[in-house]
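K.L.:
Can you look at this prediction? I've put the sequence above it.
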Amino acid sequence: MGHSTEIQRANRRDKDIGNGDFVLEKSIFNNIFEKDIRRVFIYKKAERLAKAIHLVTPAFAESAALRDRIDGIAVGLVDAAILPSGAARTALSRELLALSSVLSIARTGGLLSLMNVELITREAHTLLQEVAAYEEPRLFLDEAPTLSGIAKKASSEVALRNTPPAHRHPALARPAGRESIADSKGHIKDTTPVSGPIKDRREAVLSVIRNKGVASIKDISTHIRGVSEKTIQRELLSLISAGMVSKQGERRWSTYSLA
C-alpha cells in the first residue's frame, strides 16, 4: 500500500515539475526528436513509467536478481525512447515484454501487491498504445528515371529536332503549353518549368532542409522514401547550382542548408 501512495505522489509531482522540464529545449527538440512532438510525448510516457518502476524496487529487497532486472528495465525504457523512431519502437517493445514477465514473477512470489502491479501495468499499456499508434511522417516519391529511359527520351528529342515540321508525326509534336527558345547557334532549347516527379523531389528535399535547418544526405533519405541517396545527391547538386542550397564540409561529413 505504501508503494502505491508513493507512485500517486510521484505522479502529482510530475505535474508540478512540468514547467521546469528541459526536454522541449530547442536544441534537444531539434537534434534528438527531430521536431516530432509525438516522440517527445512517448519519451515522457516512458520516463513516467520508469519512475513508477523505480518507486517499487524496494519491494524486491529479498530478490537481488529481480531487483537488478527491474532497475535495468526502468533505465532501458528511457534509453529506448530517445532512439530513432524505428529502433525506439523495437527497443521499447522489448523492454515492455521483459517488464511484463518480471511483474508476473513478482506477483506470483508475493513481492508486489495487486494494486502496485495494476498501477505499473496501466502505465505500461498507455506507453505501448502510444508506440503502436505512432507513425513517422514520410514522403513517398517516384524514383529517378533509369538510364535506358533517359537515352530513349534523348533519342526521341534528337529525332524531333532533325525532322522538318511538315513531316513530324503528330505523336512527336511538341505538346501545347511547352515553351522553347533558340540559342546563339540556332539550337532549340526547352524552357518549360520543371514539373512532375523531379520537381516534387526537389520540393521534398528543400522541405526537409527547411525543417531541420542543417541536414545530411542520410537525414534527407530518412524522410524521403523510395528515392536513393544518389538521386538525392543529384538533386542537391542541382539546387546548389541554382543558388538555393549551400554545402558545408566534404564527402560523408557534408551537410546542406538553405542558401
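P.N.:
Received, thanks.

K.L.:
per-domain residue ranges of the protein.
P.N.:
As given by automatic domain parsing, the domain ranges for the chain are 2-133, 138-164+193-259.

K.L.:
pLDDT-wise, which helix or strand of this structure ranks last?
P.N.:
The helix or strand of the chain with the poorest confidence is strand 188-190; it has a mean of 42 (mean pLDDT, DSSP states H and E).

K.L.:
That strand: what's the following helix or strand?
P.N.:
helix 197-212 (DSSP states H and E).

K.L.:
ok, and what's touching the helix or strand that that following helix is followed by?
P.N.:
Counting by DSSP H and E, the element after helix 197-212 in chain order, helix or strand, is helix 217-223. For helix 217-223, contacts defined as CB atoms under 8 Å, 6 or more residues apart in numbering pick out 84, 137-139, 204-205, 208-209, 212, 227-229, 232-233, 236, 254, 256. For glycine as for every other residue, the C-beta is placed from the backbone atoms N, C-alpha and C.

K.L.:
Name the residues of helix 217-223 that are buried.
P.N.:
Ile217, Asp219, Ile220, Ser221, Thr222, His223 (16 or more other CB atoms under 10 Å).

K.L.:
So Gln248 sits against Ile240, correct?
P.N.:
No: with contacts defined as CB atoms under 8 Å, Gln248 does not count as touching Ile240, sitting 11.2 Å away.

K.L.:
who has more neighbours, those two?
P.N.:
Taking other CB atoms under 10 Å, Gln248 and Ile240 do not tie; Ile240 has more neighbours (14 against 10).

K.L.:
Identify the residues contacting that one.
P.N.:
With CB under 8 Å, 6+ apart, Ile240 has these contacts: Ser246, Lys247, Tyr256.

K.L.:
Flag the shaky bits of the stretch 151-259 of the chain, pLDDT-wise.
P.N.:
Along the stretch 151-259 of the chain, the parts satisfying pLDDT under 70 run over 151-199.

K.L.:
Can you report how many residues neighbour Ile120?
P.N.:
24.

K.L.:
and what of Val208?
P.N.:
For Val208, using other CB under 10 Å, the count is 19.

K.L.:
re earlier: what residues are shared contacts of Gln248 and Ile240?
P.N.:
Tyr256.

K.L.:
Relative to Pro84, how far out is Ile32?
P.N.:
For Ile32, the distance to Pro84 equals 10 Å [CB to CB, to the nearest Å].

K.L.:
I misspoke; the intended subject was Gly110.
P.N.:
In terms of CB to CB, Gly110 sits 40 Å off from Pro84.

K.L.:
These two: which has the busier surroundings?
P.N.:
Pro84 (12 against 9).

K.L.:
which helices and strands sit right next to the longest helix anywhere in the chain?
P.N.:
As assigned by DSSP state H, the longest helix anywhere in the chain is helix 85-108. With contacts taken as 3 or more CB pairs under 8 Å, 6 or more residues apart in numbering; DSSP states H and E, helix 85-108 sits against helix 37-55, helix 64-81, helix 114-133.
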